[in-house]
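[1] I would like to see how this sequence folds:
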Amino acid sequence: MASDIEMDGVSLGEWINRELRADCFFETDGWAMERVRRVNERLQQDRPPETRFIVEVPWMDETVAFTSPGRYVYFSRRLLELCDDEAAAFVIAHEIAHHDLGHLDILPDWIAKMGRSLHLGGAILGSLFLEIEKRIYGPENECAADRHALDLCLAAGYDGLRCLAVFDHLERDALDRRDLDIVYGPDPSDDELDENAGFNTRLKIWFWQRSRGYLPIRDRRAMLLKRLQSLEMEASVGRG
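    Below is the predicted model of the structure:
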C-alpha cells in the first residue's frame, strides 16, 4: 500500500475520500457492491486483511477508475455498468498495480496543499486528481500497471482473455463519445508499438502519449494479448 501524505493529522487518501463522499453518491449495497466486493476479495485473497485496498463505487459522469495514496480504489458506477466480473477484476487490479509498483510514492506534497487550499468539491477534485495522475504516471507507468494487473488477474484464477474484454467496453464507450484519438492514436496508420518507426513518427506519438497519459486503447489491448500469449506458451513448455 502506498504511503499516504498527511496534513493537519488527516491523510490525503482519507481527505479525498471524505470530499468525494460529500459531493457524490456512493453505492452501499445491491449488485454493484456485490460485484466489486466479490472480485476484490478474490484478487486480494493472499494479502493480509490490514493491507487490502477498499473499492468504492461513486456515481460520477466519467467512465473512470482511479486511486489515491492510502487504501482506496474508486470505480465509477458508469464504468462498472460496462463490466462483468472479469473486466471489473482487470480495472481493480490496474489500480492496485499502481500501489504495488510504487507509482503513487512520487505524488508531491503540494497536491494535498493545493486541493485543500482551493476547497474543491469532490467531483471536481476527482477529475483534477485524474488529470494529475495522467501527467505523473505517464504511458510507461500505465503500461506497467496494465501488465501487472493482468498478472494479478491470472494469479487469482481469472480467464485472461475475458479480463481483456474490458478494452472492448472502453473502446465502445470512447467511440460513443467520439473520442477517436484514444482508440486509434494520433494517426491510425501509425503503430505505437513499432520500435522501428521513424523519428518524426516516434516524436509525434511521444507528445500524444504525454498529453493523453496512455497508449491508445487498441495498442494497450494488443500489448496485453502478446503478453498473455507469451505466458500461455511458457506455461505450456513448463507442462511439457
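
[2] residue ranges of the helices in the chain, please?
    Counting by DSSP state H, the segments of the chain that form helices are 12-23, 30-43, 77-80, 85-100, 109-118, 122-155, 160-163, 166-176, 180-184, 199-212, 217-239.

[3] which stretch among these comes nearest residue 59?
    Ranking the helices of the chain by their distance to residue 59 (criterion: Cβ to Cβ) puts helix 77-80 first, at 4.9 Å. C-beta: built from backbone N, CA, C; applies to glycine.

[4] and the closest one, average pLDDT?
    Here the mean pLDDT over helix 77-80 is 96, rounded to a whole number.

[5] Stretch 30-40 too?
    Predicted confidence along stretch 30-40 averages 97 (mean pLDDT).

[6] now the helices of the chain as a markdown table including mean neighbour count and distance to residue 63?
    What follows is the helices of the chain, written out as a markdown table (neighbours: other Cβ atoms under 10 Å; distance: least, Cβ to Cβ, whole Å):
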| stretch | mean neighbour count | distance to residue 63 |
| --- | --- | --- |
| helix 12-23 | 18 | 17 |
| helix 30-43 | 17 | 14 |
| helix 77-80 | 19 | 5 |
| helix 85-100 | 23 | 10 |
| helix 109-118 | 14 | 23 |
| helix 122-155 | 18 | 11 |
| helix 160-163 | 18 | 17 |
| helix 166-176 | 17 | 5 |
| helix 180-184 | 17 | 11 |
| helix 199-212 | 14 | 15 |
| helix 217-239 | 14 | 12 |
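
[7] For the nearest residue to residue 62 once chain neighbours are set aside, give its distance to residue 30.
    With Cβ to Cβ, 6 or more residues apart in numbering as the criterion, residue 62 has its nearest non-adjacent residue at 6.1 Å, and that residue is residue 76. Shown here: residue 76 relative to residue 30, a distance of 15 Å by Cβ to Cβ, to the nearest Å.
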